[in-house]
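Novice: give the three-dimensional model of this entry:
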Amino acid sequence: MDAAGPDARNFRGLSGRGTDLYGRAHETLRALLGLHLRIVVDQYAIEIEPDLAEILPSDASVDDVGPP
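Specialist: Below is the predicted model:
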């Protein structure tokens, strides 16, 4: 909660520094979710919809994700 700043301005891109902490955190979450999903799909040879396959990383490994 402290990272949001007064009136949550850091999460709304209103901090005056040109940063959008919420947006950056959201992008990071999406990227990591994509990596994890690609790893599961590859490990278990799961067939997925072409539209989903198109937006996932082309290849990924556990090494790409890093420590928990």
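
Novice: following the lengthiest helix in the chain, which helix or strand shows up next?
Specialist: Of all the elements of type helix in the chain, the one with the most residues (DSSP state H) is helix 21-43. Sequence order places helix 50-55 as the next helix or strand after helix 21-43, per DSSP states H and E.

Novice: using CSV, write out every CA atom in that next one.
Specialist: The C-alpha coordinates for helix 50-55 follow below in CSV (Å, rounded to 0.1, in the frame of the first residue of the first chain):
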residue,chain,number,x,y,z
PRO,A,50,-4.0,-21.0,-31.9
ASP,A,51,-5.0,-17.5,-30.7
LEU,A,52,-3.4,-18.3,-27.3
ALA,A,53,-0.3,-19.9,-28.8
GLU,A,54,0.2,-16.8,-30.9
ILE,A,55,0.6,-14.5,-27.8
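
Novice: contacts for that helix?
Specialist: Contacts to helix 50-55, defined as Cβ atoms under 8 Å, 6 or more residues apart in numbering, come from residues G34. In short, each C-beta sits where N, CA and C put it, glycine included.

Novice: pLDDT of that helix, averaged?
Specialist: The pLDDT scores in helix 50-55 average 94.

Novice: hmm, back to that, packing partners of the longest helix of the chain?
Specialist: helix 62-65 (3 or more Cβ pairs under 8 Å, 6 or more residues apart in numbering; DSSP states H and E).

Novice: what sits against D59?
Specialist: R38, D42.

Novice: that one: what secondary structure?
Specialist: Assigned by DSSP: H, G, I helix; E, B strand; the rest coil, the conformation of D59 is coil.

Novice: from A60, how far out is E54?
Specialist: Look at E54 and A60: by Cβ to Cβ, to the nearest Å, they are 15 Å apart.

Novice: nearest residue to V40 other than its sequence neighbours?
Specialist: Among residues not flanking V40 along the chain, I46 sits closest, at 6.9 Å (Cβ to Cβ, 6 or more residues apart in numbering).

Novice: next: R38.
Specialist: Distances taken as Cβ to Cβ, 6+ apart put A60 closest to R38, at 4.1 Å, once the chain neighbours are dropped.

Novice: so that neighbour sits against V40, correct?
Specialist: No: taking Cβ atoms under 8 Å as the definition, A60 is not a contact partner of V40, at 9.8 Å.
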